[in-house]
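Enquirer: structure here, sequence nowhere to be found:
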Ligand SMILES: Nc1ncnc2c1ncn2[C@@H]1O[C@H](COP(=O)(O)OP(=O)(O)OP(=O)(O)O)[C@@H](O)[C@H]1O
Ligand SMILES: [Mg+2]
């Protein structure tokens with residue numbers, strides 16, 4: 001450790017000596033550095049470094065600077081503190097001292113190259129190959145010398161930061177903050193206080209999330225088995241190592257390279273997070289990007305109501321229970337200004353006998369201020385297929401009506417054909433073994449006119465559920 005820090009100090013000295021038109025006398029420079037490094041019990045070499053020594057030090061990149069941890073310039077080189085006044089450090093509310101000349105360098109470089117902007121939704125930024133400039137003291141240096149030095153040293157500077165330093169830095173640099181569009185009163189301001197520092201990490205997230213064994217998924221969870229899959233995701237039963245509890249973790253199947261794809265995928269976690277907890281909605285714990293996949297840690301449920309050959313027929317009592325509980329979930333979702341848009345048996349899970357609405361991959365805002373991506377066409381009402389989005393909450397009511405009908409019939413609905421068409425036009429086949437009250441309720445839920453469909457609240461309050469409510473209370 002002493003050795004590596006010693007080399008670091010040599011680099012600092014070397015840069016001042018090489019590049020400054022007003023070189024700091026070695027004695028003073030040594031004094032400053034020694035003062036700063038006293039606490040760390042560092043001993044400088046007795047003679048000032050020769051050029052050969054500096055070159056060796058620059059080439060040997062296996063050491064870690066303090067800025068590698070804090071994404072700020074090195075604390076051991078606090079010269080030119082007066083320039084700091086020109087920068088408003090409070091703007092970002094970060095108490096760490098900063099070296100202004102290095103920030104300037106970075107900004108200029110970004111401006112010149114125009115390729116280093118960090119988008120808050122680009123957690124890996126694999127397309128960007130940033131040049132990390134560390135420990136370069138440019139103040140008081142004449143431009144010509146600077147350019148020469150930059151050309152000569154450019155190749156070395158490009159790979160100046162060791163991989164271990166990058167990994168360490170990225171561990172202390174959290175991913176960017178993203179505004180949640182499902183939370184209405186969320187601040188409009190870009191909430192990324194670490195944006196400036198983060199730019200030095202841009203492109204390095206892949207280091208911690210890539211295939212180098214530092215997978216958050218594998219570090220935090222023990223994968224037990226796959227429990228489900230959909231068009232976009234695979235879902236695994238996992239054991240969280242630190243708390244010993246079982247969860248479901250959903251991975252996107254496709255790699256999400258594009259910003260738009262990531263934004264789309266994030267809508268699921270943002271809506272879940274904005275909703276908060278409800279007994280009839282699958283619990284959301286956490287999410288992260290890893291190797292361009294989105295991972296979502298969810299409450300583990302026992303099974304979903306997917307219709308297949310082994311599906312058992314639901315009695316009216318059972319189906320009323322499911323309808324009531326999912327109607328409560330929808331009431332909660334709609335009251336938060338959100339529409340689910342993919343209600344179907346596959347997305348209704350059961351845990352300890354409690355029905356839970358899951359898969360918020362199509363969730364959008366009722367006020368249509370977010371993109372609308374409708375779910376499974378078999379459960380969509382005609383108005384959605386005609387791109388009429390005036391009553392998105394009623395789309396969920398229609399889908400729930402169709403889903404309940406499917407549970408009763410016990411076989412999957414056709415994707416097209418007269419049966420499918422009849423449902424979209426509100427024509428439900430007679431269900432002889434079910435009460436008229438129940439059949440009427442289903443019929444009004446799939447009414448082709450969304451205005452005539454009951455709201456989730458009206459559904460929950462329907463007297464047909466009196467018995468269910470009584471059972472719930474006891
Ligand atoms: N929290 C969970 N607990 C138990 N099983 C789950 C959970 N989440 C999902 N599953 C299972 O995984 C399947 C696929 O999950 P999900 O529907 O969320 O994926 P998807 O790719 O978004 O699906 P879709 O094709 O409907 O868009 C579900 O039908 C269910 O069987
Ligand atoms: Mg699904």
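Expert: It's in. It should be emphasised that the depicted structure is a prediction, and the values quoted were computed from it without experimental measurement. Ligands and ions are numbered 1, 2, ... in the order given.

Enquirer: going by C-alpha atoms from here, please, whenever you check contacts or count neighbours.
Expert: OK.

Enquirer: how about the residues of the stretch 251-400 of the chain near ligand 1?
Expert: Within reach of ligand 1 by CA under 6 Å from any ligand atom, the stretch 251-400 of the chain has these residues: 298-304, 346-347, 359, 361.

Enquirer: I meant the stretch 101-250 of the chain, not that one.
Expert: The stretch 101-250 of the chain has residues 227-233, 235, 248 near ligand 1, with proximity defined as CA under 6 Å from any ligand atom.

Enquirer: please name the nearest non-neighbouring residue to residue 223.
Expert: Excluding the flanking residues, the one nearest residue 223 by CA to CA, 6 or more residues apart in numbering is residue 238, at 4.5 Å.

Enquirer: check contacts around the one you found.
Expert: Applying CA atoms under 8 Å, 6 or more residues apart in numbering, we find residue 238 in contact with 221-225, 246-249.

Enquirer: SS state for it?
Expert: Following DSSP: H, G, I helix; E, B strand; the rest coil, we place residue 238 in the strand state.

Enquirer: same question, residue 301
Expert: The assignment at residue 301 comes out as coil when based on three-state DSSP.

Enquirer: count of neighbours near it?
Expert: By other CA atoms under 10 Å, the residues close to residue 301 number 23.

Enquirer: surely it meets residue 351?
Expert: Yes. Under the criterion of CA atoms under 8 Å, residue 301 makes contact with residue 351 at 4.7 Å.

Enquirer: quick check: closest non-adjacent residue to residue 246.
Expert: residue 239 (4.5 Å).

Enquirer: what do you get for residue 379?
Expert: Spatial nearest neighbour of residue 379, excluding adjacent residues (CA to CA, 6+ apart): residue 399 at 4.7 Å.

Enquirer: check which helix or strand the one you found maps to.
Expert: helix 392-409 (DSSP states H and E).

Enquirer: for that helix, buried residues please.
Expert: 392-408 (16 or more other CA atoms under 10 Å).

Enquirer: returning to what we had before: my guess is the residue nearest to residue 246 meets residue 219, correct?
Expert: No. With contacts counted by CA under 8 Å, residue 239 stays clear of residue 219, the gap being 11.1 Å.

Enquirer: ok, those two, which is more surrounded?
Expert: The neighbour comparison of residue 239 against residue 219 (other CA under 10 Å) goes to residue 239, with 18 against 12.

Enquirer: which elements pack onto the strand or helix carrying residue 260?
Expert: If you go by DSSP H and E, residue 260 is part of helix 259-275. Under the contact criterion of 3 or more CA pairs under 8 Å, 6 or more residues apart in numbering; DSSP states H and E, helix 259-275 touches strand 284-290, strand 293-298.

Enquirer: for the record, mean pLDDT for the first one?
Expert: It refers to strand 284-290. Mean pLDDT, computed over strand 284-290, is 96.

Enquirer: and it, what does it pack onto?
Expert: With contacts defined as 3+ CA pairs under 8 Å, 6+ apart, the packing partners of strand 284-290 are helix 205-209, helix 259-275, strand 293-298.

Enquirer: same deal with the shortest one?
Expert: Packing contacts for strand 293-298, counted by 3+ CA pairs under 8 Å, 6+ apart, involve strand 246-252, helix 259-275, strand 284-290.

Enquirer: most neighbours per residue, which of the ones you listed?
Expert: When the helices and strands packed on strand 293-298 are scored by mean count of other CA atoms under 10 Å, the highest mean neighbour count falls to strand 246-252 (a mean of 23).

Enquirer: mind listing what residue 446 touches?
Expert: 381, 397-399, 401-402, 423-426, 453.

Enquirer: do that again at 7 Å, thanks
Expert: 398, 401-402, 426, 453 (CA atoms under 7 Å, 6 or more residues apart in numbering).

Enquirer: now do residue 251
Expert: Going by CA under 7 Å, 6+ apart, the list of residues near residue 251 reads 233-235, 293-296.

Enquirer: so which of those is the most crowded?
Expert: For the contacts of residue 251, the largest number of neighbours (other CA under 10 Å) sits with residue 295, at 24 neighbours.

Enquirer: quick check, pLDDT for the residue nearest to that residue when sequence neighbours are not counted.
Expert: Using CA to CA, 6+ apart and skipping the chain neighbours, the partner closest in space to residue 295 is residue 251 (4.6 Å). With respect to pLDDT, residue 251 has a value of 96.

Enquirer: residue 191 too?
Expert: 51.

Enquirer: stretch 455-465 spans what distance, first to last residue?
Expert: Across stretch 455-465, the terminal residues are separated by 15 Å (CA to CA, to the nearest Å).

Enquirer: any idea how far the residue nearest to residue 295 is from residue 287?
Expert: 10 Å.

Enquirer: intersection of neighbour lists for these two?
Expert: 295-296.

Enquirer: domains of the protein?
Expert: Here the domain parsing of the chain from automatic domain parsing is 2-142, 304-474.

Enquirer: for the residue nearest to residue 223, name its beta-bridge partners.
Expert: residue 223, residue 247 (DSSP bridges).

Enquirer: now do the contacts for residue 329.
Expert: Taking CA under 7 Å, 6+ apart, we find residue 329 in contact with 280-281, 357.

Enquirer: in JSON lines: those residues, plus pLDDT and secondary structure.
Expert: Formatted as JSON lines, those follow (pLDDT from 0 to 100; DSSP: H, G, I helix; E, B strand; the rest coil):
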{"residue": "280", "pLDDT": "98", "secondary structure": "coil"}
{"residue": "281", "pLDDT": "98", "secondary structure": "strand"}
{"residue": "357", "pLDDT": "98", "secondary structure": "strand"}
